[in-house]
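Participant: I need the structure of the sequence given here:
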Amino acid sequence: MTDASPPVATPAAEVRRLLRTAGTAALASRLARGGPDSESWGWPYPSLVLLTVDHAGHPLLLLSDLADHTANLKADPRLGLLVSDVAGLDDPLTGPRAGVLGTVEPSDDPDLLARVVRRHPGAAVYAGFADFHLYRIRLARAHLVAGFGRIHWLEGPELSFDTAGREALAAAEAEIVAHMNEDHLDAIAAMAAHLLHLPGEGWAMTGVDPEGCDLRRGPDLARLAFDTPVHDAESCRVELVRLTRRARKRPGNATA
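Facilitator: Here you go, the predicted structure:
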């Protein structure tokens, strides 16, 4: 856990942390190829998908109509996602992971699509293709394994972050991200280096939400958690300034 990642208060918050941190997820859908008369019909079908999460914590998937998993979900919208935080562990089974169950529903929200493309720049190539569509997952429940004795089943309503009264933040997100990347790359670099202990330069911001902000450098993704949830552009500015000042005061930071 980094300086900028406060202790997780609840199992639901830990599930959201895993979802918000992950760049990919294993997707399980029900195979529809060949129809009911096919020998393979109805079997669990695993695939890999790029993962983005909206402000409330609902996963977002940009899927092609040509993919088997999309055909599966059109026939049966129920799915499972597996996300984990086990990189670098000698025994991956000691690390936290969550199996998330839900149903997909199409979304035509351009702000959500922009959020996906900022997090996964490669998606910009096909985001406008006629066969690609955005889907939002309505969370039904989740199974969290967060360590010895920390195993929980959670229901959908408790998994979502309540965004009521925080709509202004979503409306300002693109502007906040653009401003940080155009004018404050030094602040992003300081937070990445001294709060998240991430070496190297070139980190940029891809999104902000009430619970934190997302960073990317090449193929690498990182999550910077806020100590206090924010609700609009001003409260987000205050939190980012506070985190930047903390980063620049860290020992060994020559710019402090």
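Participant: buried sites along stretch 190-203?
Facilitator: 190-196, 198, 203 (16 or more other CB atoms under 10 Å). Every C-beta, even on glycine, is put in place using the N, C-alpha and C of the backbone.
Participant: wait, what's in contact with residue 133?
Facilitator: Taking CB atoms under 8 Å, 6 or more residues apart in numbering, we find residue 133 in contact with 62-63, 65, 106.
Participant: Quick one: low-confidence residue ranges for the chain.
Facilitator: Low-confidence segments of the chain (pLDDT under 70): 1-9, 250-256.
Participant: quick check: domain ranges of it?
Facilitator: 11-159, 167-248 (automatic domain parsing).
Participant: tell me how far the ends of the longest one are from each other?
Facilitator: This means domain 11-159. End-to-end distance for domain 11-159, by CA to CA, to the nearest Å: 9 Å.
Participant: Please apply the same query to stretch 75-94.
Facilitator: 36 Å.
Participant: where along this structure do the strands fall?
Facilitator: Secondary structure of the chain by DSSP state E: the strands cover 24-30, 44-50, 52-53, 59-64, 78-84, 97-107, 132-145, 151-155, 204-209, 212-217, 220-225.
Participant: buried residues in the second one?
Facilitator: Think strand 44-50. 45, 49-50.
Participant: One more: the longest one?
Facilitator: Applying a neighbour-count criterion of 16+ other CB under 10 Å, the buried positions in strand 132-145 are 132-137, 139-140, 142-145.
Participant: same thing with the last one?
Facilitator: Neighbour-count burial for strand 220-225, with 16+ other CB under 10 Å as criterion, is recorded at 221-225.
Participant: Just send the residues you listed back as CSV, with distance to residue 14 too.
Facilitator: Output for the buried residues of strand 220-225, formatted as CSV (distance: CB to CB, whole Å):
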residue, distance to residue 14
221, 18
222, 18
223, 13
224, 17
225, 12
